[in-house]
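*Asks:* coords please:
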Amino acid sequence: MVTTTVKSGEARTRFRDLLDQVLAGKGDVMIERNGKNVAVMIPAADYEQIRGKLDTIRAVREAAATYAVKRGQARINTEDSTATIPLDMYTKLVAEREARFEVIDRIRENAPDLPEEEIEEIVAEAVRKVRAENAPSGS
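*Replies:* Residues are numbered from 1 along each chain as shown. Take a look at the predicted model:
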């Protein structure tokens, strides 16, 4: 897929054409201002996918930093509010988190397409059933 790079003024002028290009799957659009890439036009589905991964990365970084600080393995940089941990620890945490999300994704893929209310009722019924089975008997 081709990425078209345009200056911000040109992007403003050609917005509709550039949007049509992205929607038609003909390529992404990189918007440049003062010689620096500042924004990208991509399909919304791609954005959602990237956003999910970005949220995962941010959460892993936060969890890793907290863990490392508690264990004394992190270097804290108060100037830019970061903590540095060993790469192997970070890699392990990312792999563990990704594995959990793979399970969630498999469950979502195999789940029937039901309204949220119906799913909530099914879950509530399953919880009631398990609680009834695990309740102490009155005998």
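*Asks:* quick one: which helix or strand includes Glu125?
*Replies:* Glu125 belongs to helix 116-134 when assigned by DSSP states H and E.
*Asks:* wait, I meant Pro112
*Replies:* Judged by DSSP H and E, Pro112 forms part of no helix or strand.
*Asks:* could you pull out the helices for the protein?
*Replies:* Along the chain, counting by DSSP state H, helices occupy 8-13, 15-23, 44-71, 87-110, 116-134.
*Asks:* by contact count, what packs against the second one?
*Replies:* When contacts are defined as 3 or more CB pairs under 8 Å, 6 or more residues apart in numbering; DSSP states H and E, helix 15-23 sits against strand 3-7, strand 28-33, strand 36-41. All C-beta spots, glycine's among them, are computed from the backbone N, C-alpha and C.
*Asks:* And for the third one?
*Replies:* Contact partners of helix 44-71 among helices and strands, from 3+ CB pairs under 8 Å, 6+ apart: strand 82-84, helix 87-110.
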